[in-house]
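**Student:** sequence unknown, structure follows:
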């Protein structure tokens, strides 16, 4: 099936439709899915693992930890609340995004601790002992932080209007209102569950 790229004219300039666009390091595709961005993210992480392996023989452990946070973990932290679906219980399914990022982080954790896959070390216990947050924990922390900015500092005016719309229409206070809970927007497609407008209120209410 042939794809037709549309274009519009604004003044004397022509703006053409693109299948993907990179904005501040985030790859946004026309189908509004994060597959392309996560794939590119994973490639960057693997390349930085390669660099860490070489630096491991040149730096002491304390210095290597600092480099790993700046070189590797900063890449994971950047905009993770935008494209990662958080898990609030063990019964919730893992997404492919989670699995790819968690696999890369596990490789970094093993590298720092001189552990191989064949050693079969429990990664959750190892991360806890090293004070390293899992991908899901990082996503939850980032989402909660951005949601706090939205509520207290109105960093996302359009989202705040949408979230408070239902509360303004009601004449009676509910238990959720008195507990400072936020109405979670209704979703019509499963992919909407990955959006910040759905994840933000969800993690905020649980906190």
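**Tutor:** Okay, I see it. Values in this document were obtained by computation on a predicted structure and should not be read as measured data.
**Student:** how close does the residue nearest the centre of the chain sit to residue 98?
**Tutor:** Centroid-nearest residue in the chain, with Cα atoms, centre = their mean: residue 80, separated by 2.1 Å. Applying Cβ to Cβ, to the nearest Å, the value for residue 80 to residue 98 is 10 Å. No exception for glycine: its C-beta is placed from N, CA and C like everyone else's.
**Student:** going on from the helix or strand hosting residue 65, what's the next piece of helix or strand?
**Tutor:** Residue 65 is part of helix 61-68, with elements assigned from DSSP states H and E. Per DSSP H and E, the first helix or strand lying C-terminal to helix 61-68 is helix 74-77.
**Student:** now the next helix or strand after that following helix, how far from the centre of its chain.
**Tutor:** Note on helix 74-77: by DSSP H and E, the next helix or strand toward the C-terminus is helix 80-83. Relative to its parent chain, helix 80-83 has a centroid offset of 3 Å by Cα atoms, centre = their mean, to the nearest Å.
**Student:** buried stuff in stretch 32-48?
**Tutor:** For stretch 32-48, the neighbour count (16 or more other Cβ atoms under 10 Å) marks 34, 37, 38, 41, 45, 48 as buried.
**Student:** again, but for stretch 105-124
**Tutor:** So, applying 16+ other Cβ under 10 Å, buried residues of stretch 105-124: 105, 106, 107, 108, 109, 110, 111, 112, 123.
**Student:** how long is it end to end?
**Tutor:** Start-to-end span of stretch 105-124 (Cα to Cα, to the nearest Å) is 11 Å.
**Student:** please work out which residues outside it touch it.
**Tutor:** Where contact means Cβ atoms under 8 Å, 6 or more residues apart in numbering, the residues beyond stretch 105-124 that reach it are 45, 49, 52-53, 56, 61, 64-65, 68, 72-73, 76, 126-127, 130, 132, 134-135.
**Student:** who are the packing partners of the helix holding residue 65?
**Tutor:** helix 35-55, helix 96-112 (3 or more Cβ pairs under 8 Å, 6 or more residues apart in numbering; DSSP states H and E).
**Student:** after the lowest-mean-pLDDT helix or strand in the chain comes which helix or strand?
**Tutor:** When the helices and strands of the chain are scored by mean pLDDT, DSSP states H and E, helix 175-178 comes last with a mean of 49. Sequence-wise, the next helix or strand downstream of helix 175-178 (DSSP H and E) is helix 196-206.
**Student:** that next one: how far from the chain's middle?
**Tutor:** Between the centre of helix 196-206 and the centre of its chain there are 13 Å (Cα atoms, centre = their mean).
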